[in-house]
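Engineer: could you look at this predicted model? Sequence included:
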2 protein chains.
Amino acid sequence: MLWSNALIPTQKESPADAVAPSHVLLLRAGMIRQLGAGTYTYLPLGLRVLKKAERIVREEMDDAGALELLMPAMHPIELWEETGRVGTMGEVLIKFDLGGDRKVCLGPTHEEVITDLARAFLTSYRQLPITAYQIQTKFRNEPRPRFGIVRTREFLMKDAYSFGADVEQLNASYEVMYEAYCRIFDRCGLPYVAVEAESGPIGGDASHEFMVPSPSGEDQLIHCGKCGYAANVEKAEVGTIDDPSPAPGDVPPPSEVETPGKRTIEEVASFLKVSPEETGKLLVFLADGKPVAVLVRGDHEANEGKVRRAFGASTLEPADAAAIQKATGAPMGFLGPVDLKLPMVVDQSVAAMPRVVVGGNKEDVHLKDVVPGRDFPLDRVLDLRNALAGDPCPRCGATLEVGNGIEIGHVFKLGTKYSDAMGAMFQDAEGKTHPLIMGCYGIGVNRIVASAVEAGNDKNGIIWPLNLAPYEVLIVPLQVDPDGEVMAKASEIAEALKFAGADVLIDDRDQRPGPKFKDADLIGVPLRVVVGDRGLKEGKVELKWRHEAEASTVPAEGAGLAVVEKLIAARQAEDRRVAQRAEQRAARQGQSA
Amino acid sequence: MLWSNALIPTQKESPADAVAPSHVLLLRAGMIRQLGAGTYTYLPLGLRVLKKAERIVREEMDDAGALELLMPAMHPIELWEETGRVGTMGEVLIKFDLGGDRKVCLGPTHEEVITDLARAFLTSYRQLPITAYQIQTKFRNEPRPRFGIVRTREFLMKDAYSFGADVEQLNASYEVMYEAYCRIFDRCGLPYVAVEAESGPIGGDASHEFMVPSPSGEDQLIHCGKCGYAANVEKAEVGTIDDPSPAPGDVPPPSEVETPGKRTIEEVASFLKVSPEETGKLLVFLADGKPVAVLVRGDHEANEGKVRRAFGASTLEPADAAAIQKATGAPMGFLGPVDLKLPMVVDQSVAAMPRVVVGGNKEDVHLKDVVPGRDFPLDRVLDLRNALAGDPCPRCGATLEVGNGIEIGHVFKLGTKYSDAMGAMFQDAEGKTHPLIMGCYGIGVNRIVASAVEAGNDKNGIIWPLNLAPYEVLIVPLQVDPDGEVMAKASEIAEALKFAGADVLIDDRDQRPGPKFKDADLIGVPLRVVVGDRGLKEGKVELKWRHEAEASTVPAEGAGLAVVEKLIAARQAEDRRVAQRAEQRAARQGQSA
């Protein structure tokens, strides 16, 4: 492809409203263009990257035995009424009338549609397990689209759904998808981490998010630099916290202090001139409808998933003021663990405190000098709060780090949520009917593109991974006379590369080397080949990898084959890296099994 | 791929509401499933066909030098206000709010969006000509979706747009696209005709529709069986019609007859006991705002494009009763050519009539025994009406036929309609600005699938063209014991085919031969290979082409390579057919040039 025919409108200036590196650079490199709020056109160069990501996703899905199909974007609203999600999705679900009383919505995801398909066609255990997928455009009325193509209202998603007869089949399908996801993101050259994610009462611990660390990410990610443990904030465990302080033998007994109208931790700490870390926060929840209490440090956040599991409940919701008053006899804002008449669990960070300021279970009263274990029981001390930077890793005890990440994929054990709601049943060998056991597996294809740029860029532009790059090789002839020796050599190299199945772009623009090199760095093609009069006189052609600082040269004679060799070596290195990572995963699984 | 893993829910019964063969057979073959009104899920087998069609379209677009990009489905309504199409598209355009005052629509086509892109990026003559395309999902609120995937509310379209600096560039881009379309439909094995279509005042005669003749088609198509001339009804010319009757020397002079309240041709003919073919119909139009008249036979329909061109006008609209009264002094329903004070053109079929009944230009009066040329002038006799079956071909004089067709593609010279409306201007070499000259080119990818089935089926099911077939080869082992000799031979053949890059489906279901053969015919895979115990004992494997009545056998020993040979020969024959048709087109062009 010749640059002058390729519609690559590069821009020198950074767009004023763009902050994320992927947003800035994809715009500047002429790869995308904004059409409306949260909608982008993919220009030829950007589409080539998107298509390469799509192809990798498709190949790995096919290899994993998933069946490709294609479901419509417009869904009858009735399907979404069956699962109740027409309400729970809220404004994000785009709904409209098609005249008469025909209401439709634009699918933000396809559980309803695939479950409708499954109840029609998957009726026997003989057909199970089965996994189907599509690569299809989703629509969500995101209240705040941002970071360019990271969060948009219209995006390309690979969504897969597995159907099994039992939990073993679900687990097997889940593992196959998990491994396929790792291979996809490895092939795309992304520095991802697979984090455990909270998945609600059905999935148990069976949900993972695949995240690429990036300041432009909207999700928080807890990560251990030492052992590789990673989880999202909802799910991350906190390692054991022991009491670091000497036993507080000389703490006086608890005493009441008046705290008129001081209900929040900030108000109480400020009023009593202590720091929030020296206070305790007692929260009341309804676990399967019954009131329970949890005590966490004032500056910590209780983790509802951990609390729910601590009480073995399937549902957990915060109690309102009336329910709290009824359950404890005390007003909200002044609750405390001393003489509490509720089942209570205590976070391990509280148990490690020498003394703590807590509510007095009376209006406008707090207690100070309360000693855990002395003044309230420590029968059930657990990890009950969200993890924070600096906490110990639950696996190895090293220090956890916190960063942002872009969620590029999510695998999820759905269980029977949708098959129950929609009556998607199969018959077992004995003719008994059961609901299908489902999993769902999503990848944001556009986010693969965005996160590759987030992870691969420098001040000059994008540094594409080889397997995603719009072109693998950019040939830059410095003199573009079509009858000249330089263009002849450029064409010769391009021709040789064609036979290696390479994607080649030739910058045939009649411009000075400076702007051409600047554009080359900006669009980030991995291998740059410079052919010029002077070099040819010296019998040389210059090669430079985008990710390396230094250029090298090869003899002009036979330069085509020399470039082909370099490219093939780079492709092989990519393949080896992907294979090695798969081996490492297999070895880890062998160890843990 | 094994049938038992492939999710092919074939059905014995025809769905009650399906009438078109493509609709019935795609449903029965388990290739599509209806989700809502005008929306269909493509099951794995159907999606394979759709993807093959998409790939052929993409390859030919790329070969034609068109650049692929991808534009959003959701468009800001403001763009559609710039061209006024938010009004003219009517209810077909799906519009909704995204909260606040942000209004969007779902693109039924993308002229507005691409013109917006062009005005941003195509600003110099140096960038022209250029053609860009996308393969993307369109949405239209069709009032009456029908014939399965022929007319739906959501469909996959290839839409391309060319931008040129002058008419020569437009013509060149148009010709390249026209040829690419022929190659696409030839490769897809479709019996298409390219028909001239009416394109309004800008395009002149530069619009073609590509149609596949089919009773399920919604468009009418005029066609000459002898010379291949084809056009749609709006555009089709009528060959020369000479006066077949002897000169009516003995026709008495015109006489007035009272026709109280008889305004329509049917009323007048019935009242006067003549046939509509013996009457004449005078119509008044406003050509560029000025009243003009056209006289056609009572049973014919005036063709507005032909009338407009006859008067060299850019716009033509029917005059209303008031305008008619003003222009002619006569009431609507009683107009006639005798003593008419308006510029008038006469259709050649009227000129060929020995005598004619026409309006008397007075309320409740008609004239009989009016002789063309004697009682009103025949200064301008032209082809001014819609062509009909039985008319002479304008090229060769043979008899024209009329049939229905499915429109699968449309190429269209837009001119400056959109660039004028949206201010998409480029600078020429002298720095002067001009509007970009555009063409647009659409293909309904789903309709390729539907029309292939319309054109290729018999009472047993689908007969896919080789290049579109979901699988090229179906291997049917009659005994499916995985350790048996039959399955071993089936696998051996499949393995050999894999190395020829063939798509192979193995029917591994443990069923009797009858249902397996029925399903094989239904899904229409081109080459069926039957392996059975008895055949293997005789040292034979059976081959049968879906489009042939008789099966043949090859030796079981080396059957894999024998099947590969047959398949490769069939692929080569397809390629030769496509190449021959291209040569024929080139030869015809050489002749006409």
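Structural biologist: Perfect, I can see it now. All of these numbers come straight from a predicted model, not from anything done at the bench. Numbering: from 1, shown residues only, chains lettered A, B, ... in the order given.
Engineer: longest single strand anywhere in chain A?
Structural biologist: Counting by DSSP state E, the longest strand found in chain A is strand A:400-415.
Engineer: mind listing what's buried along that strand?
Structural biologist: For strand A:400-415, burial by neighbour count (16 or more other C-beta atoms under 10 Å in any protein chain shown) applies to A:400-401, A:403, A:405-415. C-beta coordinates here come from the backbone N, C-alpha and C atoms, glycine included.
Engineer: again, but for stretch A:135-145
Structural biologist: A:I135, A:Q136, A:T137, A:K138, A:F139, A:R140, A:N141, A:E142, A:P145.
Engineer: ok, now how distant is the residue in the stretch 101-250 of chain A that chain B sits nearest to from A:V176?
Structural biologist: Per C-beta to the nearest C-beta, the residue of the stretch 101-250 of chain A with the smallest distance to chain B is A:F121, at 4.7 Å. Using C-beta to C-beta, to the nearest Å, we find A:F121 at a distance of 21 Å from A:V176.
Engineer: also A:D369?
Structural biologist: To A:V176, A:D369 is 57 Å away according to C-beta to C-beta.
Engineer: related to what we said a few turns ago, tell me the two of the buried residues of strand A:400-415 that are most distant?
Structural biologist: Of all pairs drawn from the buried residues of strand A:400-415, the widest gap by C-beta to C-beta lies between A:E401 and A:G415 and measures 32.4 Å.
Engineer: need the pLDDT of A:A490.
Structural biologist: The model reports A:A490 with a pLDDT of 97.
Engineer: for it, give me its contacts.
Structural biologist: A:A490 is in contact with A:I475, A:P477, A:I506, A:V529, A:V531, counting by C-beta atoms under 8 Å, 6 or more residues apart in numbering or on different chains.
Engineer: pick the one among those closest to chain B.
Structural biologist: For the contacts of A:A490, the nearest to chain B is A:I506 (14.9 Å; C-beta to the nearest C-beta).
Engineer: which residue packs closest to A:K12, ignoring adjacent ones?
Structural biologist: A:R28 (7.7 Å; C-beta to C-beta, 6 or more residues apart in numbering or on different chains).
Engineer: surely the one you found and A:I8 touch.
Structural biologist: No - in this structure A:R28 lies outside contact range of A:I8 using C-beta atoms under 8 Å: 11.0 Å.
Engineer: before we move on, the earlier item: and the residue nearest to A:K12, what does it touch?
Structural biologist: Contact analysis of A:R28 by C-beta under 8 Å, 6+ apart lists A:T10, A:Q11, A:K12, A:E13, A:S14, A:P15, A:G461, A:L522.
Engineer: what bits of chain A have low per-residue confidence?
Structural biologist: Residue ranges of chain A with pLDDT under 70: A:199-205, A:244-248, A:592-593.
Engineer: longest helix anywhere in it?
Structural biologist: Criterion DSSP state H: the longest helix present in chain A is helix A:559-592.
Engineer: just the buried residues of that one, please?
Structural biologist: So, applying 16+ other C-beta under 10 Å, buried residues of helix A:559-592: A:A559, A:G560, A:A562, A:V563, A:V564, A:K566, A:L567, A:R571, A:E574, A:V578, A:R585.
Engineer: give me the subset of these that also touch chain B.
Structural biologist: Checked against chain B using C-beta under 8 Å from any C-beta of the partner chain, the buried residues of helix A:559-592 give no members in range.
Engineer: and of those residues, the nearest to B:R447?
Structural biologist: For the buried residues of helix A:559-592, the nearest to B:R447 is A:R571 (39.1 Å; C-beta to C-beta).
Engineer: if I look at the closest residue to the closest one other than its chain neighbours, how far off is chain B?
Structural biologist: Spatially, and ignoring its direct neighbours in sequence, A:R571 is nearest to A:L466 (6.6 Å; C-beta to C-beta, 6+ apart). According to C-beta to the nearest C-beta, to the nearest Å, A:L466 and chain B sit 21 Å apart.
Engineer: ok, now A:S14?
Structural biologist: A:S14 is 17 Å from chain B, where distance means C-beta to the nearest C-beta.
Engineer: check A:I462 too.
Structural biologist: 18 Å.
Engineer: so what's the residue count around the residue nearest to that residue when sequence neighbours are not counted?
Structural biologist: Of all residues not flanking A:I462 in the chain, A:G524 sits nearest, at 3.1 Å (C-beta to C-beta, 6+ apart). By the criterion of other C-beta atoms under 10 Å in any protein chain shown, A:G524 has 29 neighbours.
Engineer: what does A:A494 give?
Structural biologist: A total of 20 residues lie near A:A494 under the criterion other C-beta under 10 Å.
Engineer: kindly report the same for A:L221.
Structural biologist: 24.
Engineer: got it, and A:S491?
Structural biologist: Applying other C-beta under 10 Å, we find 16 residues neighbouring A:S491.
Engineer: how about it: what's its closest non-neighbour residue?
Structural biologist: Closest residue to A:S491 apart from its sequence neighbours, by C-beta to C-beta, 6+ apart: A:I506 at 7.8 Å.
Engineer: wait, the one you found sits on A:S4?
Structural biologist: No - between A:I506 and A:S4 there is no contact under C-beta under 8 Å: 9.2 Å.
Engineer: between the two, which contacts overlap?
Structural biologist: With C-beta under 8 Å, 6+ apart, A:I506 and A:S4 have no common neighbours.
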